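Q: My questions are about this predicted structure, shown below with the sequence.
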Amino acid sequence: GYILERQIVDENYDSLAAVLLSKPFYQSINGATLEHEPAKKVMLHLAAAMTELAIQPKVKKTTNEIDDVLAKLEAYVHKNLDEALPAKDYDTLNEALKASNGQRIPFEEMVANWSSKEHLKLIDVADLQLRINLIHDLKDLKWALNEGPTGIGRARYSLLIDASLKEMVPYPWSSFTTPVLVNSSGSSFAMFEGLIQGCIRHTIDNIKIIRRAQLVAQKKYNPSVHDRELAVLDWESLTSSERTLVMPILLVVSKENAESNKKLLKLLNQPWPIKIMILDEAVNNIDSGAADLANSQTQLMPLIAQQKAIILKSSLADKEHLYHGLYAGLNSENASLFWLLAPRANAHHTPWQKWPKLNALAFNTRAFTHLYFNPFKKENMLSSTIEIENNPLSKRDWKGIDLTYEEKGEQKLIDYKLTWADWAYTQYNWRNE
């Protein structure tokens, strides 16, 4: 509501924390947290809450549109039935009522008795039946969106979790409130492509109902023309507003599986509302540490070159950057990729409860840099759509911090430069190098 919106836009308040003030958003994922995997659970929780934030207004808007069309259709039905009855001469109606001997009788029986004594106006039965059928279909659709069998309406989104992250799923570690599919074998990207096409097809069936009802309500419906148009309705034929009705499926995959899968490029080249979240532990192997660091700066360039998807690379080190990137990508009718840092606590020489500090360390040592790319912004040059300005001190070699130490019982400060070596030193597999 209003309070939530005010907190989100408040510069002095954490936007992500504000989103979680909403009970439905906070409860998007429930359950305990594995000690060595808190970051992955937190990032998935935030993404789920942000998806609820992005989709709920669209569901409300669709419900309002359905209500408007319902009101017009019902008003027309009532008007036609009213006009079919005599407006002035009630003598024959009085005779039909006397025949009932003062008893309560069904309305249709009264009309039958009435019509046997007077010719009532003709009614276009086919047109009336079409409107009544559309009224029933719209009410069923509204019920499915807002109530459904569970009482809370249709799920705002669903999840496809890659086999590489299946340890996040077992109860009680994760209690999901939306449909979840764990791909235990095969390519998650291939499965995801089939799921999103099925979701689009189901949404188009609902859009056909709304479109036909709007045409009928506006008295513009021509079966010979519009039935054929509706029959071949596809993704390319939908309006921008209609495309946002597709409930997103969020593919959650590890960095290792995403990097080695060529179908990622193919998927993000599609015009569909594809949403992919890659969880990156940023744990580097000793033999490939330098290569990993170099690749972390260039691995997104092929995706950027396609200019078909919003791309966010972010972490909890900059919560506002993470919030705005997630919100823009989840609200878009186009494809979006979210590359998020989720440091594995048991890979670092630090108490697992302090894992949030690893986000800032990775960010400040440039082990995990931030990036936001939106190809749908109206800019003359590709470079103008790439935002990397929020990364620390890009014009300096390394970030400096005041490091406190004690010498002969006296507290002293030195200007210490954080480098990638500080990030590597926190990892167990680098401690002895």
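A: Looks like it arrived, so ask away.
Q: any low-confidence regions in the stretch 251-400 of the chain?
A: Along the stretch 251-400 of the chain, segments meeting pLDDT under 70 span 260-261, 288-290, 294, 296-297, 380, 393-397.
Q: Helices of that one, start to end?
A: Applying DSSP state H, counting those that start in this stretch to the stretch 251-400 of the chain gives helices spanning 255-259, 263-267, 289-298, 301-306, 319-331, 356-364.
Q: any chance of those helices in TSV, with distance to residue 186 and mean neighbour count too?
A: Heads up, the C-betas are built off the backbone N, CA and C, glycines and all. What follows is the helices of the stretch 251-400 of the chain, written out as TSV (distance: least, CB to CB, whole Å; neighbours: other CB atoms under 10 Å):
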stretch	distance to residue 186	mean neighbour count
helix 255-259	12	17
helix 263-267	12	17
helix 289-298	26	13
helix 301-306	23	14
helix 319-331	26	21
helix 356-364	32	20
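Q: Dump these into TSV; add distance to residue 245 as well.
A: Listed next are the helices of the stretch 251-400 of the chain as TSV, based on distance: least, CB to CB, whole Å:
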stretch	distance to residue 245
helix 255-259	28
helix 263-267	21
helix 289-298	36
helix 301-306	25
helix 319-331	13
helix 356-364	35
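Q: so which of the ones you listed gets nearest residue 80?
A: Closest to residue 80 of the helices of the stretch 251-400 of the chain, according to CB to CB: helix 319-331, at 41.4 Å.
Q: What is that closest one packed up against?
A: helix 15-19, helix 38-83, strand 309-314, strand 335-341, strand 371-373 (3 or more CB pairs under 8 Å, 6 or more residues apart in numbering; DSSP states H and E).
Q: Name the residues that touch the third one?
A: Strand 309-314 is contacted by residues 268, 274, 300, 303-304, 321-322, 325-326, 328-329, 332, 334-341, 368-376 when judged by CB atoms under 8 Å, 6 or more residues apart in numbering.
Q: ok, back up a step: so for residue 243, which of the helices and strands packed on helix 319-331 sits nearest?
A: Of all the helices and strands packed on helix 319-331, it is helix 38-83 that lies closest to residue 243, at 10.4 Å by CB to CB.
Q: quick one, what contacts the residue most central in space within the chain?
A: The centroid of the chain falls nearest to residue 51 when counting by CA atoms, centre = their mean (3.8 Å). Contact analysis of residue 51 by CB under 8 Å, 6+ apart lists 28, 156-157, 248, 250, 275, 330.
Q: May I ask which two of these are separated the most?
A: 28 and 275 (14.5 Å).
Q: What about residue 234, how many residues nearby?
A: 9 (other CB atoms under 10 Å).
Q: Same check on residue 124?
A: 10.
Q: where's the nearest residue to it once chain neighbours are set aside relative to residue 239, distance?
A: Computed as CB to CB, 6 or more residues apart in numbering, the closest residue to residue 124 that is not its neighbour in sequence is residue 80, at 7.6 Å. Per CB to CB, to the nearest Å, residue 80 is found 30 Å from residue 239.
Q: So between the two, which is more surrounded?
A: residue 80 (15 against 11).
Q: and the contacts of residue 51 as a markdown table, adding secondary structure and distance to residue 409?
A: Below are the contacts of residue 51 laid out as a markdown table (DSSP: H, G, I helix; E, B strand; the rest coil; distance: CB to CB, whole Å):
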| residue | secondary structure | distance to residue 409 |
| --- | --- | --- |
| 28 | coil | 52 |
| 156 | coil | 60 |
| 157 | coil | 58 |
| 248 | coil | 59 |
| 250 | strand | 55 |
| 275 | strand | 57 |
| 330 | helix | 55 |
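Q: Pick the one among those residues closest to residue 144.
A: Proximity of the contacts of residue 51 to residue 144 (CB to CB) peaks at residue 156, which lies at 12.7 Å.
Q: ok, the residue nearest to residue 124 touching residue 128?
A: Yes. Contact status for residue 80 versus residue 128: in contact at 6.2 Å, counting by CB atoms under 8 Å.
Q: So what touches stretch 415-428?
A: The contact list for stretch 415-428 (CB under 8 Å, 6+ apart) reads 282-284, 289, 293, 347-350, 358, 361-362, 364-367, 397-403, 430-431, 433.
Q: hmm, try it at 7 Å
A: The contact list for stretch 415-428 (CB atoms under 7 Å, 6 or more residues apart in numbering) reads 283-284, 289, 293, 347-350, 361-362, 364-367, 398-403, 430-431.
Q: for stretch 225-233, same thing?
A: 204, 207-208, 211-212, 215.
Q: Which one (most neighbours) among the residues you listed?
A: Neighbour max across the contacts of stretch 225-233 (other CB under 10 Å) = residue 212, 22 neighbours.
Q: Give me the next element, helix or strand, following the helix or strand hosting that residue.
A: Element membership of residue 212 [criterion: DSSP states H and E] is helix 188-217. Later in the chain than helix 188-217, the nearest helix or strand by DSSP H and E is helix 223-231.
Q: now that next one against helix 188-217, angle please.
A: Helix 223-231 runs at 160 degrees relative to helix 188-217, counting by axes from the mean of the first three to the mean of the last three CA atoms, to 10 degrees.
Q: Give me the distance from helix 223-231 to the chain's centre.
A: Offset of helix 223-231 from its chain centre (CA atoms, centre = their mean, to the nearest Å): 31 Å.
Q: ok so, going back, in TSV: the contacts of stretch 225-233, plus distance to residue 194.
A: Formatted as TSV, the contacts of stretch 225-233 follow (distance: CB to CB, whole Å):
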residue	distance to residue 194
204	16
207	20
208	22
211	26
212	28
215	32
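Q: Let me have the helices and strands packed on helix 319-331 in a markdown table, adding distance to residue 389 as columns.
A: Putting those into a markdown table (distance: least, CB to CB, whole Å) gives the following:
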| stretch | distance to residue 389 |
| --- | --- |
| helix 15-19 | 19 |
| helix 38-83 | 22 |
| strand 309-314 | 13 |
| strand 335-341 | 18 |
| strand 371-373 | 10 |
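Q: can you tell which of these is closest to residue 235?
A: Residue 235 sits nearest to strand 335-341 of all the helices and strands packed on helix 319-331, at 12.4 Å, using CB to CB.
Q: Residues contacting that closest one from elsewhere in the structure, which ones?
A: 43, 47, 268, 270, 272-280, 282, 303, 308-315, 326, 329-330, 359, 362, 368.
Q: That strand pairs with which strands, parallel or anti?
A: If you go by DSSP bridges, strand 335-341 pairs up with strand 275-280 (parallel), strand 309-314 (parallel).
Q: Convert that strand to PDB, retaining C-alpha atoms only.
A: What follows is strand 335-341, C-alpha atoms only, in PDB (Å, rounded to 0.1, in the frame of the first residue of the first chain):
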ATOM      1  CA  ALA A 335      14.200 -11.200 -21.500                       C
ATOM      2  CA  SER A 336      16.300 -10.500 -18.400                       C
ATOM      3  CA  LEU A 337      19.400 -12.000 -16.900                       C
ATOM      4  CA  PHE A 338      20.200 -11.600 -13.200                       C
ATOM      5  CA  TRP A 339      23.800 -12.500 -12.300                       C
ATOM      6  CA  LEU A 340      23.900 -12.400  -8.600                       C
ATOM      7  CA  LEU A 341      26.700 -12.900  -6.000                       C
END
